[in-house]
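Peer 1: here are the coordinates; sequence isn't available:
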Ligand code: UD1
């Protein structure tokens, strides 16, 4: 199994390019099931999760041609199977995103029930309730969700009792082909949902309220092909900026956007970073200073993203002061802190809050990644530790960070992949 070996101590400096967004690419790939015409996608990141989604589409009969220049050409004109099997769904929960598009276009879908994961139980009850409100009949047998619908789904009034990113995406896609108007209230407002909505508009969908918590979708009978470029990854962007701040460095990230990162950039400024932004770049400079501890509380967009929480705990572990980091979205997402304590961090947990007393330096240790963002946090901890840190189970990292060792090397860090 691959591991990352990190030699700490470098102050990050230089420039890197940010990849396309994983969390936008996955729903958009599921969305290609809504049309029989060819769709060309640009800026898809090379990540395990994207490969898994492509493998899932292929099992359904979707034709996919990769072209380095033109992007990825996808045609779902000959879908001959509407099942998402256990083997693929268990490696990637986002497979549930094919449920809405499949039942909307084919009137049936069978998707393995996604189980819990290391960060919490993560049910999909809200996805299912909303599809039922749209006329789908849903049964759960032998670990599979079966959704069937006689004719088209019907437009409905959906009120999500909790803000759910995947639920909003599934219903937005289903509503695009439904008969009548769907109103989605308390919709998640994450930028990736805006990207999905813009992709659906490019296919001919009729959606208003994009970027707000009330989405109105007038269903159409068919959607057509299009070309679409996936947005930059705001979490990858934020991860490298936090790594630079923790190492007292100065870096520029290119091919990205600052507009979706306000909550993160404000916290980095509070930590003492000098931030400047252009149309497609962000520069962070610590001027060699140690960061100051910052309090964090995660919440749905536009508040501070749960997907950036772990990285900030790593920065706070070496910052000046005491901080409180509170996780409100997932029940078990502070696991990286136990591994960081093995590296000399001073973190205690009270309920869903980590109380972090910053120390000047961490010490290298063998550590184990438990989920995607926790692994990124351990890499940051390794960068600020004395000695060689080995991060095990980095298949978690490969799910969401393209060429992580190359990108850190370009910023002057010593990071290598070992088997
Ligand atoms: C997406 C992101 C993930 C991010 C999360 C929150 C993708 C592929 N993943 O995950 O990186 O951390 O948003 O920003 O885009 N819930 C229910 N019932 C449901 C659905 C959700 O109770 O039917 C709960 C979940 O258990 C969780 C909370 O709602 O506690 C938020 O989950 P949700 O927004 O749905 O996250 P995902 O779409 O799974």
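Peer 2: That came in fine, so what should we check first? Keep in mind that this is a model prediction, so the values were computed, not measured. Numbers count the residues shown, from 1 in each chain.
Peer 1: and the residue of the stretch 51-200 of the chain closest to the ligand?
Peer 2: residue 166 (2.8 Å; CB to the nearest ligand atom). Bear in mind the C-beta positions are built from the backbone N, C-alpha and C, glycine included.
Peer 1: that residue: what secondary structure?
Peer 2: Three-state call for residue 166 (DSSP: H, G, I helix; E, B strand; the rest coil): helix.
Peer 1: what residues does the stretch 51-200 of the chain have near the ligand?
Peer 2: Along the stretch 51-200 of the chain, the residues adjacent to the ligand under the rule CB under 6 Å from any ligand atom are 94, 120, 122-127, 162, 164-167, 188, 192.
Peer 1: what's the closest of those to residue 279?
Peer 2: Residue 279 lies nearest to residue 192 out of these, by CB to CB, at 20.2 Å.
Peer 1: which SS state does the closest one fall under?
Peer 2: Three-state secondary structure (criterion: three-state DSSP) places residue 192 in helix.
Peer 1: mind checking pLDDT for it?
Peer 2: Looking at residue 192, its pLDDT reads 98.
Peer 1: just give me the neighbour total for it.
Peer 2: 26 (other CB atoms under 10 Å).
Peer 1: contacting residues for it?
Peer 2: Residue 192 sits next to 21, 23, 24, 27, 165, 169, 231 when contact means CB atoms under 8 Å, 6 or more residues apart in numbering.
Peer 1: now name the helix or strand holding residue 288.
Peer 2: For residue 288, there is no host helix or strand (DSSP states H and E).
Peer 1: and stretch 209-218, how far apart are its ends?
Peer 2: In stretch 209-218, first residue to last residue: 12 Å (CA to CA, to the nearest Å).
Peer 1: report the buried residues of it.
Peer 2: By neighbour count on 16 or more other CB atoms under 10 Å, the buried set for stretch 209-218 is 210, 215, 216, 217.
Peer 1: where does the nearest residue to residue 347 once chain neighbours are set aside land in three-state SS?
Peer 2: Among residues not flanking residue 347 along the chain, residue 337 sits closest, at 4.3 Å (CB to CB, 6 or more residues apart in numbering). State at residue 337, reduced to three classes by three-state DSSP: helix.
Peer 1: pLDDT of stretch 295-309, averaged?
Peer 2: On average, stretch 295-309 scores 98.
Peer 1: pull out the buried members of the residues of the stretch 51-200 of the chain next to the ligand.
Peer 2: The neighbour count (16+ other CB under 10 Å) marks 94, 122, 124, 126, 127, 164, 165, 166, 167, 188, 192 as buried among those.
Peer 1: the fifth one and residue 167 touch, don't they?
Peer 2: Yes. Here residue 127 lies in contact with residue 167, judged by CB atoms under 8 Å, at a distance of 4.7 Å.
Peer 1: spell out which residues of the stretch 301-419 of the chain are next to the ligand.
Peer 2: Counting by CB under 6 Å from any ligand atom, the residues of the stretch 301-419 of the chain that sit close to the ligand are 306, 307, 329, 330.
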